[in-house]
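Participant: Sequence and computational prediction follow.
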Amino acid sequence: MTQPRTAPDDGIAARRAALHLVEQATGGQRLLSETIGAGALERLSPPDRARAQRLATATLRQLPRADRALKPYLAKQPPLAVRNALRLGVVEIMEGAAPHGVVNAMVQIMSRGKRTQSYKGLVNAVLRKLGDQPPEAFAKLPVPKLPNWLRGPLVAAWGRRAVEAMEAVQAETPPLDLTAKGDPAALAEALGGALLPTGAVRLHDAGQVSALPGFEAGEWWVQDAAAALAARVLDARPGERVLDMCAAPGGKTMQLAATGAEVTALDLSETRLGRLRENLDRTGLVARVVQGDALEFDEAGYDAILLDAPCSATGTIRRHSDLPHAKDGAEFGALIELQAEMIDHALGLLKPGGRLVFCTCSLLPDEGEVQVEEALERHAGLQNDLAALERPGIEPGWIGAEGLRLRPDYWAERGGMDGFFIACLRPGARDG
């Protein structure tokens, strides 16, 4: 008996989900992680889930370019839902998707919404005109700039040219970095990736992460090359008692556990700890997992502590293009105060001769260099161990007087890296 054929989806489900993610970021000021965590992609297949996230992040990354491309064809701005559909459509076309497929899909999506039905003709006409544009027309569009609330402080800290170089990297689709459980050179060869000087494995056009060889076997985990350096600076040793103070989702916990150290993974969020447990199970690595407030955790006597403190995450815009649209910098002050409290508390949990690696995925000196300067003033005898930062692949120019400063424009020819600050602090006798 012949089975009835079902009509092809043509990417409708993934595109509808991507539009929802974009609308939540641009209209609801919600991070993609928050929307996804609320179940936005639950009904999608793994490939569609990956496609929806890729489309959403690409659209948010290229939003200024999309708006500039659309401007000549819009007499006035349509409602946000329609504008975002146009933005997603033009970004897909800019990236080389077949224009007719994009146009048909976006018209179908508009037709299914009560508030957008009347705009399907506009969407059809505008995207068809943009689909007739030669590829070089999109290539000439200016590099998207960071929002003023962030660009101003970064220009003050690093200079205009450096910020422009960061923006150029952030405008490109980032590669995927992996940390190997075993030999990184062998993993790079097996996956056809590049072995970076720091030991991370980098893949371009990786596709669906869970479908890559070695994922199910736990041979590696996703972790940006910059983020992976914090655990390497800590240099945990077999048998040492190590605390990962804000551990979830677990990339650094797994690095520490792989050294043979006795690792405690602490985090406030039980939901995020669920992901950490899944990662430990997949990789076969062992750590003690504790849910709790880092400032109330009073178990002392650790040889080493890694504090990846809550921060603005401004260094991760290269991979999280929703941040400039979902945030406005209003929370910076509270985060900076929390970081200082966490540093002080962590120092009190170390045994004499112990070490604390403090890091943030931020580009703002107030969340990095300034925190170290002020911690040294608060704690008599506290030492800033710059020698601990001298690890394979770390270039000398990245190490400053306060610590290791990483920026998106470093390794630009390789695809860049996240913005990060890392310091290794050792309390003196009066602090220990």
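Facilitator: Sure thing, it's come through.
Participant: isn't residue 197 right next to residue 393, touching?
Facilitator: Yes. Judged on Cβ atoms under 8 Å, residue 197 makes contact with residue 393 at a distance of 3.3 Å. Placement of C-beta: from N, CA and C, glycine included.
Participant: quick one: buried residues of the lowest-mean-pLDDT helix or strand in the chain?
Facilitator: Using mean pLDDT, DSSP states H and E, helix 135-139 stands out as the lowest-scoring helix or strand of the chain, at a mean of 83. Neighbour-count burial for helix 135-139, counted by 16 or more other Cβ atoms under 10 Å, picks out residue 138.
Participant: Could you tell me which other helices and strands that helix packs against?
Facilitator: Contact here means 3 or more Cβ pairs under 8 Å, 6 or more residues apart in numbering; DSSP states H and E; on that basis helix 135-139 packs against helix 63-70.
Participant: taking the mean pLDDT, what do you get for the very next helix or strand once past the helix it packs on?
Facilitator: Scanning forward in sequence from helix 63-70 by DSSP states H and E, the next helix or strand is helix 80-94. Throughout helix 80-94, pLDDT has a mean value of 96.
Participant: can you list contacts of stretch 342-349?
Facilitator: Under the contact criterion Cβ atoms under 8 Å, 6 or more residues apart in numbering, stretch 342-349 has outside partners 243, 245-246, 294-295, 297-302, 305, 307, 309, 356, 358, 371, 375, 378-379, 382, 425, 427, 431.
Participant: Show the average pLDDT along it.
Facilitator: 98.
Participant: Format the CA atom coordinates belonging to it as PDB.
Facilitator: These are the backbone C-alpha positions of stretch 342-349, laid out as PDB (Å, rounded to 0.1, in the frame of the first residue of the first chain):
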ATOM      1  CA  MET A 342      32.800  36.900  45.600                       C
ATOM      2  CA  ILE A 343      36.600  37.600  45.400                       C
ATOM      3  CA  ASP A 344      36.700  38.400  49.100                       C
ATOM      4  CA  HIS A 345      34.700  35.300  50.100                       C
ATOM      5  CA  ALA A 346      36.700  33.000  47.800                       C
ATOM      6  CA  LEU A 347      40.000  34.100  49.300                       C
ATOM      7  CA  GLY A 348      38.600  33.000  52.800                       C
ATOM      8  CA  LEU A 349      37.900  29.500  51.500                       C
END
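Participant: Identify those among the contacts of stretch 342-349 that sit within helices.
Facilitator: In helices, defined here by DSSP state H, the members of the contacts of stretch 342-349 are 371, 375, 378.
Participant: In those, which residue is surrounded by the most others?
Facilitator: residue 371 (25 neighbours; other Cβ atoms under 10 Å).
Participant: Which residue, other than its chain neighbours, is closest to it?
Facilitator: Distance criterion Cβ to Cβ, 6 or more residues apart in numbering; nearest residue to residue 371, sequence neighbours excluded, is residue 339 at 5.6 Å.
Participant: could you list every residue that touches the one you found?
Facilitator: Contacts of residue 339 (Cβ under 8 Å, 6+ apart): 309, 310, 311, 360, 367, 371.
Participant: Give me the local confidence score for it.
Facilitator: pLDDT for residue 339: 98.
Participant: what about it, helix or strand, and which?
Facilitator: Here residue 339, judged by DSSP H and E, is contained in helix 332-347.
Participant: List the buried residues of that helix.
Facilitator: For helix 332-347, the neighbour count (16+ other Cβ under 10 Å) marks 332, 335, 336, 338, 339, 342, 343, 345, 346, 347 as buried.
Participant: Likewise for stretch 185-205?
Facilitator: By neighbour count with 16+ other Cβ under 10 Å, stretch 185-205 contains the buried residues 187-188, 190-191, 193, 195-196, 198-203.
Participant: before we move on, the earlier item: pull up the gap between the residue nearest to residue 371 and residue 380, please.
Facilitator: Using Cβ to Cβ, to the nearest Å, we find residue 339 at a distance of 20 Å from residue 380.
Participant: Show me where the stretch 201-350 of the chain has its helices.
Facilitator: 229-234, 251-257, 270-283, 323-326, 332-347 (DSSP state H, counting those that start in this stretch).
Participant: Now tell me what touches the third one from outside.
Facilitator: Around helix 270-283, the neighbours that count as contacts under Cβ under 8 Å, 6+ apart are 37, 181, 215-216, 218-219, 221, 247-251, 253-254, 257, 265, 267, 286-287, 289, 291.
Participant: and the longest strand for this protein?
Facilitator: strand 350-360 (DSSP state E).
Participant: Against which helices or strands is that strand packed?
Facilitator: With contacts defined as 3+ Cβ pairs under 8 Å, 6+ apart, strand 350-360 has these neighbours: helix 229-234, strand 302-308, helix 332-347, helix 369-378, strand 420-426.
Participant: Residues touching that strand, excluding its own?
Facilitator: Under Cβ under 8 Å, 6+ apart, the answer for strand 350-360 is 230-231, 233-234, 241, 300-309, 311, 315, 339, 343, 346-347, 367-368, 371-372, 375, 385, 388, 420-427, 429, 432.
Participant: can you give me the offset of it from its chain's centre?
Facilitator: In terms of Cα atoms, centre = their mean, to the nearest Å, the centre of strand 350-360 is found 25 Å from the chain centre.
Participant: and if you look at stretch 408-416?
Facilitator: With Cα atoms, centre = their mean, you get 15 Å for stretch 408-416.
Participant: With stretch 222-232 instead?
Facilitator: Centre-to-centre, stretch 222-232 and its host chain are 12 Å apart (Cα atoms, centre = their mean).
Participant: What of stretch 260-270?
Facilitator: On Cα atoms, centre = their mean, the centre of stretch 260-270 falls 21 Å from the chain's centre.
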